[in-house]
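Engineer: Next come a sequence and a model predicted from it.
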Amino acid sequence: MNTPFRSRDPLPIGIAGLIAIGLVLFAAFNASKLPIIGGGDSYVASFTEAGGLRVGDDVRIAGVRVGKVTDVRLAGNKVDVDFRITEDVSFGPESGASIRMKTLLGQKYVSLEPKGRGQMPEGATIPTSRTVSSYDIIDAFSDLTETTESIDTEQLADSLDTLATEFSGTPENVRLALDGLTRLSRTIASRDTELKALLKASNSVSGTLADQNKVIEKIIVDADLLLAELYERREAIHTLFTNTSAMAVQITGLVRDNRAALGPALAELNKVLETLRKHEADLTKTIDAMVPFTRVFASALGTGQWFDTYIQNLTVPVGTVSR
């Protein structure tokens, strides 16, 4: 005979329910890792440098998102980037990968360059020989500074002068172009000190930007949080502005409607204040004169809700014999 549901012990039922809820929550938070729900093939790409790349960044082919980065880890003198392909795309076993800039704020993504016939086997690793690391703008300025500082401007000017001399018999247009190059080379040679100072300052600026990279990133993140909070509270801010505008309109109407009554009342109040101002000295003397009276009056009422009075010679003191 089956036991009715309401008569059963609730403890096992509650434990089983909690276990079921826990399994559902675990599956919800790890759905992307499950073999059926998560889906997609996993691969690895090795880079010599992967600064700025984070878990969850896009994996793209020809600019189209086909997967995402699942892990970034250091493996000896290189960085292994695990990624999963979630779209139905094919790329050959000789395909390469590179890290590119996605936004001006520094967000990056992995770009796959398909190459070869067939499909790259699942779990395969793209070696560093077929990968290209990201190139930072600060590194670009630093390399430019080092390259330009090593240029011998005097030798460059002599070379351009020699070219101009050798091409002296050429047509007029060519001679004009070479004359322009000659003047340019002389200008560069005459400004050698200023150019070196400028490039040195550029190097200093690029170094400062590199040192303040974390600060700038934090400022951008904080600004993003502020904008997100303002976006979340846009309805409350709109309501505040609307109610404030309505209150201003009501106050304006109230003053306009009662202007006729407020004018005489304010005029009378000004008269009262003027009278008090004229008699300020008399009021001060009156207050000073009331001080002794107030002190005696308070002493008379100090024993309770009655007066203590004394009239001299109204009665004969006890023990006094009258003659």
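Structural biologist: Yep, it's here.

Engineer: Return the distance of the residue nearest to residue 154 when sequence neighbours are not counted relative to residue 182.
Structural biologist: Excluding its sequence neighbours, the residue lying closest to residue 154 (Cβ to Cβ, 6 or more residues apart in numbering) is residue 189, at 5.8 Å. Heads up, the C-betas are built off the backbone N, CA and C, glycines and all. Applying Cβ to Cβ, to the nearest Å, the value for residue 189 to residue 182 is 11 Å.

Engineer: what do you get for residue 19?
Structural biologist: Distance from residue 19 to residue 182, by Cβ to Cβ: 86 Å.

Engineer: The two - which one has more neighbours?
Structural biologist: The neighbour count for residue 19 versus residue 182, taken as other Cβ atoms under 10 Å, is higher for residue 182 (17 against 10).

Engineer: did I read that right, the more buried one in a strand?
Structural biologist: No. Residue 182: not assigned to a strand; according to DSSP: H, G, I helix; E, B strand; the rest coil it is helix.

Engineer: Is it correct that it is in contact with residue 158?
Structural biologist: No. Contact criterion Cβ atoms under 8 Å: residue 182 and residue 158 do not qualify, at 10.6 Å.

Engineer: So in the chain, which strand runs the longest?
Structural biologist: Counting by DSSP state E, the longest strand found in the chain is strand 64-75.

Engineer: all helices for this protein, in order.
Structural biologist: Using DSSP state H, the helices of the chain run over residues 10-29, 137-149, 153-166, 172-190, 192-211, 213-232, 234-257, 259-278, 280-300.

Engineer: List the buried residues of the fourth one.
Structural biologist: Applying a neighbour-count criterion of 16 or more other Cβ atoms under 10 Å, the buried positions in helix 172-190 are 178, 181-182, 185, 188-189.

Engineer: Turn the residues you listed into JSON lines, columns for distance to residue 217 and pLDDT.
Structural biologist: What follows is the buried residues of helix 172-190, written out as JSON lines (distance: Cβ to Cβ, whole Å; pLDDT from 0 to 100):
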{"residue": "178", "distance to residue 217": "49", "pLDDT": "67"}
{"residue": "181", "distance to residue 217": "44", "pLDDT": "74"}
{"residue": "182", "distance to residue 217": "47", "pLDDT": "74"}
{"residue": "185", "distance to residue 217": "42", "pLDDT": "72"}
{"residue": "188", "distance to residue 217": "38", "pLDDT": "74"}
{"residue": "189", "distance to residue 217": "42", "pLDDT": "70"}
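
Engineer: right, and out of the residues you listed, which lies closest to residue 221?
Structural biologist: residue 188 (43.0 Å; Cβ to Cβ).

Engineer: okay but that closest one is in contact with residue 195, surely?
Structural biologist: Yes. If you go by Cβ under 8 Å, residue 188 and residue 195 touch, sitting 7.1 Å apart.

Engineer: which residue packs closest to residue 78, ignoring adjacent ones?
Structural biologist: In space, residue 78 is closest to residue 46, 4.9 Å off (Cβ to Cβ, 6+ apart).

Engineer: Can you get me a residue count around that neighbour?
Structural biologist: 19.

Engineer: bridging residues for it?
Structural biologist: residue 80 (DSSP bridges).

Engineer: Test my guess that it contacts residue 124.
Structural biologist: No. Residue 46 is not in contact with residue 124 according to Cβ under 8 Å; the separation is 11.3 Å.

Engineer: Isn't residue 50 up against residue 99?
Structural biologist: Yes. The criterion here is Cβ under 8 Å, and residue 50 meets it with residue 99 at 6.1 Å.

Engineer: Quick check: buried residues in stretch 100-111?
Structural biologist: So stretch 100-111, judged by 16+ other Cβ under 10 Å, has buried residues 106, 108-111.

Engineer: By mean pLDDT, flag the weakest helix or strand of this protein.
Structural biologist: Across the helices and strands of the chain, mean pLDDT, DSSP states H and E gives its lowest value to helix 137-149, namely a mean of 58.

Engineer: residues contacting the residue nearest to residue 90 when sequence neighbours are not counted?
Structural biologist: In space, not counting the residues next to it along the chain, residue 90 is nearest to residue 119; the distance is 4.9 Å by Cβ to Cβ, 6+ apart. With contact set as Cβ atoms under 8 Å, 6 or more residues apart in numbering, residue 119 has these partners: 90-93.
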